[in-house]
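S.K.: only the shape, not the letters, is given here:
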């Protein structure tokens, strides 16, 4: 579960990459559900928060597609049609393994979204070799505290 949480930033990054998503800046509450093939049942849902600044929402492709400090992530493709974004992002890890994220985000309003992201690890020992699916729903809960 810790690994899934650590990759949350990368996943969230990939799910929100678009030219100008129709989201309002502010604090968002995100409910994340993760399922992994071969695991009995689903992992417990996680509730996370993220403050989306106006600057972040203006240039998500450059500000969010960076992954974490140890990863190098590149957007392979992204396409927004109406209120739906589809994408593929590839992240390289220092050990030579890769993580490919693909999915779809539906912006249900200017203050909410739902995304389904599939992660597939490539390389020896990847915890995501069999694939992992994350479903996230986000809703704006107010202004950012900072």
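M.R.: Great, that's in hand. Bear in mind the structure is a predicted one, so any value in this text is a computation, not a measurement.

S.K.: what about the residue nearest to residue 84 when sequence neighbours are not counted, which SS state?
M.R.: The spatial neighbour of residue 84 that comes closest, neighbours along the chain excluded (C-beta to C-beta, 6 or more residues apart in numbering), is residue 106 at 5.4 Å. Using the backbone N, CA and C atoms, a C-beta is placed for each residue, glycine as well. Taken by DSSP: H, G, I helix; E, B strand; the rest coil, the conformation at residue 106 corresponds to strand.

S.K.: looks like residue 106 contacts residue 114 (just checking).
M.R.: Yes. Taking contacts as C-beta atoms under 8 Å, residue 106 lies within contact range of residue 114: 5.1 Å.

S.K.: thinking again about what came up before, mind listing what the residue nearest to residue 84 touches?
M.R.: 83, 84, 113, 114, 115 (C-beta atoms under 8 Å, 6 or more residues apart in numbering).

S.K.: hmm, the third one is touching residue 84, no?
M.R.: Going back to what we said before, that points to residue 113. No. The criterion here is C-beta under 8 Å, and residue 113 misses it with residue 84 at 10.1 Å.

S.K.: list residues touching both of the two?
M.R.: With contacts taken as C-beta under 8 Å, 6+ apart, residue 113 and residue 84 have 105, 106, 107 as neighbours in common.

S.K.: how much space separates the second one from residue 47?
M.R.: To tie it back to what came earlier, the one meant is residue 106. As judged by C-beta to C-beta, to the nearest Å, residue 106 and residue 47 stand 20 Å apart.

S.K.: wait, is residue 33 part of a strand?
M.R.: Yes. Counting by three-state DSSP, residue 33 falls inside a strand.

S.K.: which strand residues bridge it?
M.R.: Listed by DSSP bridges, the beta-bridge partners for residue 33 are residue 135.

S.K.: contacting residues for it?
M.R.: 42, 43, 45, 134, 135, 136 are the contacts of residue 33 under C-beta under 8 Å, 6+ apart.

S.K.: please, where are all the helices along the protein?
M.R.: Taking DSSP state H as the criterion, the chain carries its helices at 2-6, 8-15, 54-58, 60-64.

S.K.: and the third one, what's its mean pLDDT?
M.R.: Spelled out, it's helix 54-58. For helix 54-58, the mean pLDDT works out to 77.
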